[in-house]
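# no sequence for this one, just the structure:
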Ligand SMILES: C[S@@+](CC[C@H](N)C(=O)[O-])C[C@H]1O[C@@H](n2cnc3c(N)ncnc32)[C@H](O)[C@@H]1O
């Protein structure tokens, strides 16, 4: 057998062994409500909202529109009235701007490291006259250091460990999350892409249930599953054949990696519950309350962790179509002194912590 055939055969065997051994583990996950994701209400693609306004050709623009609409539909299922939604790795803000347009009651912060993407997002938000959008020019880590609270973490095509850093930050802040991951192969790369949080390249799955199930025999093969998730045979113009065996394998690999991520979050949540004492409400202030100096928060620890793996629809809109949904595991039930509750959008969240942030642009000021 020629060398490349040997290699792809070995990878296929590794994927089969790991996916088969871990296939049942996802059943331990507490599920969000069953049922289809509600469709978005009809809305016009205003020029500044439309990804086609950039440099995309029509076929790519159509797929990008489908990705954004589907991701927004999933995100809205987690977005309560008046929620603060933060899109990490927002790029030019395709997803966050649509969400802000559809939900004027919500406050949307776009977090992005690239200066030119931030500038483009600001311009788009200004032209759309969106009063509920801000752009945070800086990394996830810089945003984290600002200590600003939020309710929902969003991310569309977050590369490798940026997905994990976002999920981890959301878990730490008791926020919900709606993330579409990409670049799965980077998870086990030798290079640390500095995605923020404590997420760094690892040699093994994140969850202890996956590690226990695979044991020493199969653990070294797990990286092949991460690589397999990236191999959906994307053809000309970014299009791909959803019926191909490569796409089916990539789907299986994505589901396996994302199930491990959710089990990791569940284990983390259970550990926190154990430490905090189940069924109790806890009053948080200062650092614990997310760095806010003013009001103290009462957090209800009774709300359960629940999650779901879904897909962007139609699945042909992107080979990276897995959607990770996590409900808000802790619910803030009251805010003492009423300061946060009565202030207009955003003023509530501008505490001392933000001066530490890289740069914050309120696009309507
Ligand atoms: C694949 S792009 C996706 C952009 C956008 N979400 C979209 O779908 O059009 C990933 C984005 O994450 C940004 N990024 C990478 N690492 C980051 C970090 N640590 N904090 C914030 N943004 C980051 C990159 O600059 C890039 O714009």
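Noted; the coordinates are in hand. All values reported here derive from a predicted model rather than from experimental measurement. Numbering: from 1, shown residues only.
# So which bits of the stretch 1-150 of the chain are right by the ligand?
Residues of the stretch 1-150 of the chain lying near the ligand by CB under 6 Å from any ligand atom: 88-91, 94, 111-114, 117, 139-140. Just so you know, the C-beta spots here come from the backbone N, C-alpha and C atoms, and that holds for glycine as well.
# Name the residues linked to the spatially most central residue of the chain by a beta bridge.
Closest to where the C-alpha atoms of the chain average out (CA atoms, centre = their mean) is residue 179, at 2.6 Å. For residue 179, the beta-bridge partners are residue 155, residue 324 (DSSP bridges).
# wait, it sits on residue 312?
No. Residue 179 is beyond contact range of residue 312, at 11.6 Å (criterion: CB atoms under 8 Å).
# Find the residues that touch each one of those two.
residue 323 (CB atoms under 8 Å, 6 or more residues apart in numbering).
# picking up where we left off before, quick one: pLDDT of the residue nearest to the centre of the chain?
Predicted confidence (pLDDT) for residue 179: 98.
# what's the answer for residue 9, then?
Value for residue 9, per-residue pLDDT: 86.
# now the one 10 residues further on
Per-residue confidence for residue 19 comes out at a pLDDT of 97.
# Surely it forms part of a strand?
No. Counting by DSSP: H, G, I helix; E, B strand; the rest coil, residue 19 is located in no strand; its state is helix.
# Report the secondary structure state of the nearest residue to residue 319 once chain neighbours are set aside.
Spatial nearest neighbour of residue 319, chain neighbours left out: residue 232 (3.7 Å); criterion: CB to CB, 6 or more residues apart in numbering. Here residue 232 is recorded as coil under three-state DSSP.
# Residue 232: neighbour count?
Counted with other CB atoms under 10 Å, the neighbours of residue 232 add up to 23.
# Residue 211 now?
Using other CB under 10 Å, residue 211 has 16 other residues around it.
# ok, now which ones touch it?
So, once contact is read as CB under 8 Å, 6+ apart, residue 211 ends up touching 204-205, 219.
# can I assume residue 37 is in contact with residue 71?
No. Residue 37 lies out of contact with residue 71 (CB under 8 Å); the separation is 10.2 Å.
# Look at the two and report which has more neighbours.
Each of residue 37 and residue 71 has its neighbours counted (other CB under 10 Å); residue 71 has more, 27 against 17.
# which strands and helices sit next to whichever strand or helix holds residue 109?
Element membership for residue 109, per DSSP states H and E: strand 107-112. Using 3 or more CB pairs under 8 Å, 6 or more residues apart in numbering; DSSP states H and E as the contact criterion, the elements in contact with strand 107-112 are strand 84-88, helix 94-102, helix 115-127, strand 133-137, helix 140-146.
# if you compare these, which one is most tucked away?
strand 84-88 (a mean of 28; mean count of other CB atoms under 10 Å).
# show me what contacts residue 312?
By CB under 8 Å, 6+ apart, the neighbours of residue 312 are 66-67, 70-71, 180, 318, 321-323.
# Residue 161: neighbouring residues, count only.
Per other CB under 10 Å, the neighbour tally for residue 161 reads 25.
# ok, and what's touching stretch 26-45?
Stretch 26-45 is contacted by residues 52, 65, 69-70, 72-74, 76-77, 98, 101-102, 209, 255, 259, 262-263, 266, 304-310, 313, 325, 327 when judged by CB under 8 Å, 6+ apart.
# out of the residues you listed, which are inside strands?
Under the assignment DSSP state E, the contacts of stretch 26-45 contribute 307-310, 325 to strands.
# among the residues you listed, who's most crowded?
Of the ones in strands among the contacts of stretch 26-45, with other CB under 10 Å as the count, residue 307 tops at 25 neighbours.
# quick one, what contacts the residue of the stretch 151-300 of the chain found nearest the ligand?
Of all residues in the stretch 151-300 of the chain, residue 156 sits closest to the ligand, at 3.8 Å by CB to the nearest ligand atom. With contact taken as CB under 8 Å, 6+ apart, residue 156 is in contact with 67-68, 71, 87, 89, 91, 94-95, 180.
# got it, and residue 79?
Applying CB under 8 Å, 6+ apart, the residues contacting residue 79 are 85, 99, 103, 106, 151-152, 176.
# With residue 158 instead?
Contacts of residue 158 (CB under 8 Å, 6+ apart): 88-89, 166, 179-182.
# now do residue 228
Shown in contact with residue 228 (CB under 8 Å, 6+ apart): 11, 15, 249-250, 252-253.
# Residue 98 now?
When contacts are counted by CB under 8 Å, 6+ apart, residue 98 touches 43, 49, 68-69, 72.
# distance of it from residue 91?
Between residue 98 and residue 91 the computed distance is 13 Å (CB to CB, to the nearest Å).
# quick one on the thing from earlier: for the strand holding residue 109, which strands pair with it and how are they oriented?
Sheet pairing of strand 107-112 (DSSP bridges) gives strand 84-88 (parallel), strand 133-137 (parallel).
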